[in-house]
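**Q** Pasted the sequence and its predicted model underneath.
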Amino acid sequence: MRRVALVTGGTRGIGLGIARALAADGFDLALCGVRQEMEVAPVLAELRDAGAATRYFRADIGERFERARLVSGVKEGFGRLHVLVNNAGVSPQARVDLLEAGEESFERLLRVNLQGPHFLTQGVARWMLEQGRADGGWSGCVVNVTSVSATVASTNRGEYCVSKAGLAMASQLWAVRLAEAGIPVYEVRPGIIRTDMTAGVVERYDRLIGEGLVPQGRWGTPEDVGRVVAALARGDAPYSTGAVVVVDGGLTLPRL
């Protein structure tokens, strides 16, 4: 029986890169997002053509009842789940200096980027534990997609940095809690990735990359992140729960 992965925000950007890599590795896919299904139909068709049984669930992971409905939908649609990829996230609607930033944006980012994945993991982990008790051959993992902003300060989008730093700690907490059950939890920390989220800062980052900001000298791609997540989902790092895998082309390497 094919393994199933739930990828939040899995129909665009980094999430789609992850979904494509998992489909290529033989996973069936539960994808969620906030767009209407008709808007993501071409992506769903592409993944199905790649051989993955693919279902789409419209859900805002920042909302408690929608998270519960998402988990129930995956249970009903597949009856099993092996991998949770907490990828969905939002950026500030406007970049504002710390001295001027308001609480509304802060609350929005913490709700979607931290509270959402933390409590989605709670709900999924309970189900994973049930599956493990019922089937000795079951195996699974959780992957949290954070950002180099978990440790690199950007004072014009502080709420984003705080949300990703919080998710980095949540990854450690869940890694410790689920280790005894044999469920590893990983953090994947992308750097500058070319997606629709970064479309508004292309000129700025083109210049910075040209000036040597990224040692490998290029933007990252969703496929770069997807390949890493797929390796973790396959079980290629079974003795590395809590590991942080940085996918940033060397951006955060200390240099003189």
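**A** Everything's here; your move. Numbering: from 1, shown residues only.
**Q** In the chain, which residue is most central in space?
**A** Nearest residue to the geometric centre of the chain (C-alpha atoms, centre = their mean): residue 87, 1.8 Å.
**Q** May I ask you to confirm that it is in contact with residue 6?
**A** No: using C-beta atoms under 8 Å, residue 87 is not in contact with residue 6, being 9.9 Å away. For glycine as for every other residue, the C-beta is placed from the backbone atoms N, C-alpha and C.
**Q** Can you show me the strands along the stretch 1-150 of the chain?
**A** Taking DSSP state E, counting those that start in this stretch as the criterion, the stretch 1-150 of the chain carries its strands at 4-8, 28-33, 54-58, 83-86, 141-145.
**Q** what does the second one contact?
**A** Strand 28-33 is contacted from outside by 2-12, 15, 19, 22-23, 40, 44, 47, 52-59, 61, 70, 73-74, 77-78, 81, 88, using C-beta atoms under 8 Å, 6 or more residues apart in numbering.
**Q** And the average pLDDT for that strand is what?
**A** In this model, strand 28-33 has an average pLDDT of 98.
**Q** Please name the residues that touch the residue nearest to the centre of the chain.
**A** Going by C-beta under 8 Å, 6+ apart, residue 87 touches 7-10, 14-15, 18, 145.
**Q** now, which of these sits nearest residue 136?
**A** residue 7 (26.3 Å; C-beta to C-beta).
**Q** returning to that earlier point: report the buried members of the contacts of strand 28-33.
**A** Buried by 16 or more other C-beta atoms under 10 Å: 3-12, 15, 19, 22-23, 40, 44, 47, 52, 54-59, 61, 70, 73-74, 78, 81, 88, out of the contacts of strand 28-33.
**Q** Out of the helices and strands in the chain, which is least certain?
**A** Here the helix or strand of the chain ranked lowest by mean pLDDT, DSSP states H and E is helix 202-210, holding a mean of 94.
**Q** Not counting sequence-adjacent ones, nearest residue to residue 106?
**A** Distances taken as C-beta to C-beta, 6 or more residues apart in numbering place residue 159 nearest to residue 106, at 4.2 Å, with adjacent residues excluded.
**Q** Would you confirm that that neighbour belongs to a helix?
**A** Yes: the assignment for residue 159 by DSSP: H, G, I helix; E, B strand; the rest coil puts it in a helix.
**Q** Can you read off the pLDDT for it?
**A** Looking at residue 159, the pLDDT reads 98.
**Q** give the contact list for it.
**A** Contacts of residue 159 (C-beta under 8 Å, 6+ apart): 92, 101, 105-106, 108-110.
**Q** if we go to 7 Å?
**A** 92, 101, 105-106, 109 (C-beta atoms under 7 Å, 6 or more residues apart in numbering).
**Q** which of those sit farthest apart?
**A** 101 and 109 (10.6 Å).
**Q** Among those two, which residue is more densely surrounded?
**A** For residue 101 versus residue 109, neighbours defined as other C-beta atoms under 10 Å are more numerous around residue 109 (26 against 18).
**Q** related to what we said a few turns ago, quick one: contacts of the least confident helix or strand of the chain?
**A** By C-beta under 7 Å, 6+ apart, helix 202-210 touches 192, 198, 217-219.
**Q** Could you rerun that using 6 Å?
**A** residue 192 (C-beta atoms under 6 Å, 6 or more residues apart in numbering).
**Q** buried stuff in it?
**A** residue 209.
**Q** and if you look at stretch 92-109?
**A** In stretch 92-109, counting by 16+ other C-beta under 10 Å, buried: 92, 95-96, 101, 105-106, 108-109.
**Q** Can I get it as PDB, trimmed to CA atoms?
**A** The C-alpha coordinates for stretch 92-109 follow below in PDB (Å, rounded to 0.1, in the frame of the first residue of the first chain):
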ATOM      1  CA  PRO A  92       3.700  40.200   6.300                       C
ATOM      2  CA  GLN A  93       1.400  42.200   4.000                       C
ATOM      3  CA  ALA A  94       3.800  45.100   4.400                       C
ATOM      4  CA  ARG A  95       7.300  45.300   5.600                       C
ATOM      5  CA  VAL A  96       7.300  47.700   8.500                       C
ATOM      6  CA  ASP A  97      10.200  48.800  10.800                       C
ATOM      7  CA  LEU A  98      10.000  47.300  14.300                       C
ATOM      8  CA  LEU A  99       9.400  50.800  15.800                       C
ATOM      9  CA  GLU A 100       6.200  51.100  13.700                       C
ATOM     10  CA  ALA A 101       4.900  47.600  13.400                       C
ATOM     11  CA  GLY A 102       1.400  46.900  14.700                       C
ATOM     12  CA  GLU A 103      -0.100  43.900  16.500                       C
ATOM     13  CA  GLU A 104      -2.600  42.900  13.900                       C
ATOM     14  CA  SER A 105       0.100  41.600  11.500                       C
ATOM     15  CA  PHE A 106       2.000  40.000  14.400                       C
ATOM     16  CA  GLU A 107      -1.100  38.100  15.500                       C
ATOM     17  CA  ARG A 108      -1.900  37.000  11.900                       C
ATOM     18  CA  LEU A 109       1.600  35.600  11.300                       C
END
